[in-house]
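Q: Sequence and predicted model, in that order:
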Amino acid sequence: MAQLAAMRTPEEICCVVTVFKATEDFMCIDRDGIQEEALDLSISQSDEASLSPRAALARPCEPWSCSGVVLNSQTGIAVCHGLIFTPFLLNKDMDLSGCQFLLPENFSKQLQIEIQFSDAVPPEFVTARQKNHTVNQCSGKTYRKTRPQLNPLPQKAELLMLVPCLEFQETFQKMFNKSDKWQFYNEQDDFELKELQNDIQFLHWFAVLKVPGFLKKEAGAMPWVAATSLRKADLVFACGSPFGSLCPDIFMNTLSKGIVSNLAGEGNAVILTDARCLPGTEGGGLFLKKGGHFYLVGLIVSPLYWKASEWIGLTLVCSVGHIFKNMRRFVTEHDPSFKEIWPPIPMDRTLALPSQVKIKFALSHPSVVLVECGQFWGSGVLINSRLMLTCRHVLNEATRVTVKSNTTYESFFSVVGQVIFSTKKYSAYDIAVVQLQTDFPDNTVCELASSFSPGEDVLVVGFGVFGQSCGPSVTAGILSRVITCDSRPVMLQTTCAVHAGASGGAVLRAGTGELLGIVCSNTRDTAAGVTYPHLNFSISVTVLQPLLNKYALTEDGGVFEELDRASDVVRDVWRLHSPNCQAPRSKL
């Protein structure tokens, strides 16, 4: 079995992978540091070439880059996203639907690959030639500097194979319905339709590389864990290089922290996290941390994507265990000579992750439910086994709704609910109360909060984005602001990512699981047509709690009519403008 790496961090094992066509017009530094020629790239060209590996589909003659992970420094094996290799396919019309692997002979002989990784070698062990010859990736010109560990010379790499993750692809096709107009690219790149189809084809492909120059005896393999060990709300770290090979001394192996927002597919092949990533981080790693050690759990597939022009502030990740499974299938069934790449790293099957007990208990029970009204759907929060709160706009004027909760992946328990109250359209508040015809089994009721602390950690739980296919998503952030009127909190703002479908969901206090508010909306700039998921608004439960107490005593839905009689000041708050301000009314 391969030797475990000793206390290695994501920054030490992640890397940047660059591919380019070997031509006379593109000269690189001599690998021995004896001779060099400046790269004739302007700053604008350098920026463009590093923005997104998907742009390689449109301009195949330029170098393209993404992030990667060095799996084992003893064998020199690394893995990255496969999309940047598509311009070098010999048969660009190749049908990949039934393809189980691609080998070097499927690609142009002019394909060249370089890898840059964090150089932790002490200065006294760096040769004079390495000290004097470094590439400034920001300007495209060579210059002299004395910090090679921050901007290391690229190492030549060899392509061993490209493998698809079949489990990821199967789940992806179920989750990302074409009718929802999903986009995994920047619209400004103006790609051809055929090239976009190739883009989608390669989302689940990964390249396996060998880096002879990386061989190190003192380091070993990066330990990994199966995605089945993940639970929603687990803390994770994403590591990748924004903009690929652009300015590696500034951007290379940047860390981002978030939580597991959702999981889907066999063995959790698809992982969604709210750890924020940028173009160029494709192929970077997603890590769990336990006892001071980092464990690789996934590879970044897409850091930015849109659903019907709505930006989704979640990062799409493929389980690394499933990638290894497909690598092993190739080695076992097709070419045993590649056995050195498997197993690339040992698996830690004993990893026990810390958890916030109250939060995990709440997430495993149907306190947050899916609300369906014909073709419309949203979220709701159970106040008790027969009473649910949601938003008025979720109902779309319906008087009866179907309320569902996940029992297992793609399996729901459902009951019918009767709307007993819904605020008027002119009301300051967007809220509705639904009485269920039968009790929800094993229901847990969130404790209602009585106070709020701006800056405290919060979670938003709702059936946004993928709610109908894989259960509620969880996003983390802070309570960024509490807006009060007449000394009473009436609106909460958070930095959690909130998407269409999460309306009516819950804002929970991360430390205790208390219910702070009911999600009403995120923010949209109507002039620019841009949605901001990390700026959102919720109704404080302190507005609702006195009315819920009255209803518990009287069972009269009329007690909630007080919400329609909110003051003009409260109404102005929810309309996002101030009557005391002479500035133009907000366009949001």
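A: Perfect, I can see it now. Only a predicted model underlies this, so the values are computations on that prediction, with no experimental measurement involved.
Q: Am I right that residue 546 falls within a helix?
A: Yes. The assignment for residue 546 (DSSP: H, G, I helix; E, B strand; the rest coil) places it in a helix.
Q: separation between it and residue 540?
A: 12 Å (CB to CB, to the nearest Å). Where you see a C-beta, it was placed from the backbone N, CA and C, and this is true even at glycine.
Q: Please apply the same query to residue 568.
A: Taking CB to CB, one finds residue 568 at 18 Å from residue 540.
Q: So these two - more neighbours on which side?
A: residue 540 (21 against 10; other CB atoms under 10 Å).
Q: which intervals of the stretch 301-450 of the chain have sub-threshold pLDDT?
A: By pLDDT under 70, the weakly predicted segments of the stretch 301-450 of the chain are 308-309, 335-366, 407-411, 442-443.
Q: just the helices in it please.
A: 320-333, 357-363, 392-395 (DSSP state H, counting those that start in this stretch).
Q: now what about the last one, what contacts it?
A: Yep, that's helix 392-395 we're talking about. 371, 373, 376-380, 401, 419, 422-423, 425, 427, 430-432, 503-504 (CB atoms under 8 Å, 6 or more residues apart in numbering).
Q: Which of these fall in strands?
A: The members of the contacts of helix 392-395 that map onto strands under DSSP state E are 371, 373, 376-380, 401, 419, 422, 432.
Q: Apply the buried test to the residues you listed and list what passes.
A: Among the ones in strands among the contacts of helix 392-395, those scoring as buried are 371, 373, 377-380, 401, 419, 422, 432 (criterion: 16 or more other CB atoms under 10 Å).
Q: Could you report the pLDDT at residue 208?
A: On pLDDT, residue 208 comes in at 94.
Q: Please apply the same query to the one 3 residues further on.
A: Looking at residue 211, its pLDDT reads 89.
Q: residues contacting residue 420?
A: Going by CB under 8 Å, 6+ apart, residue 420 touches 433-435, 557.
Q: ok so, going back, can you tell me which of the ones in strands among the contacts of helix 392-395 is nearest residue 456?
A: Of all the ones in strands among the contacts of helix 392-395, residue 379 has the smallest distance to residue 456: 21.9 Å, by CB to CB.
Q: Please identify the deepest-packed of the helices of the stretch 301-450 of the chain.
A: helix 392-395 (a mean of 22; mean count of other CB atoms under 10 Å).
Q: Report the distance from that one to the chain centre.
A: Here the centre of helix 392-395 is set off from its chain's centre by 28 Å, with CA atoms, centre = their mean, to the nearest Å.
Q: again with stretch 221-238
A: Distance, centroid of stretch 221-238 to centroid of chain: 14 Å (CA atoms, centre = their mean).
Q: Convert it to PDB, retaining C-alpha atoms only.
A: Taking Å, rounded to 0.1, in the frame of the first residue of the first chain, the C-alpha atoms of stretch 221-238 are listed here in PDB:
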ATOM      1  CA  ALA A 221      -0.100   9.800  -0.900                       C
ATOM      2  CA  MET A 222      -3.000  12.000   0.000                       C
ATOM      3  CA  PRO A 223      -5.600  10.100   2.100                       C
ATOM      4  CA  TRP A 224      -9.100  10.200   0.900                       C
ATOM      5  CA  VAL A 225     -12.600   9.300   2.100                       C
ATOM      6  CA  ALA A 226     -15.700   8.100   0.300                       C
ATOM      7  CA  ALA A 227     -18.500  10.600  -0.200                       C
ATOM      8  CA  THR A 228     -20.800   8.300   1.800                       C
ATOM      9  CA  SER A 229     -19.100   9.700   4.900                       C
ATOM     10  CA  LEU A 230     -20.500  13.200   4.100                       C
ATOM     11  CA  ARG A 231     -23.600  14.700   5.600                       C
ATOM     12  CA  LYS A 232     -25.300  17.900   4.800                       C
ATOM     13  CA  ALA A 233     -23.800  20.900   6.700                       C
ATOM     14  CA  ASP A 234     -20.400  19.200   7.100                       C
ATOM     15  CA  LEU A 235     -17.600  21.700   6.900                       C
ATOM     16  CA  VAL A 236     -15.400  21.400   3.800                       C
ATOM     17  CA  PHE A 237     -12.500  23.200   2.200                       C
ATOM     18  CA  ALA A 238     -12.200  23.800  -1.600                       C
END
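Q: Quick check: buried residues in that stretch?
A: In terms of neighbour count (16+ other CB under 10 Å), stretch 221-238 has its buried residues at 221-227, 229-238.
Q: pLDDT averaged over that stretch - what is it?
A: On average, stretch 221-238 scores 91.
Q: Check the burial of residue 534 by counting its neighbours.
A: Neighbour count for residue 534, taken as other CB under 10 Å: 18.
Q: what do you get for residue 546?
A: Neighbour count for residue 546, taken as other CB under 10 Å: 11.
Q: show me where the stretch 51-200 of the chain has strands.
A: Assigned by DSSP state E, counting those that start in this stretch, the stretch 51-200 of the chain shows strands spanning 64-72, 77-81, 111-117, 134-135, 142-143, 155-164, 182-183.
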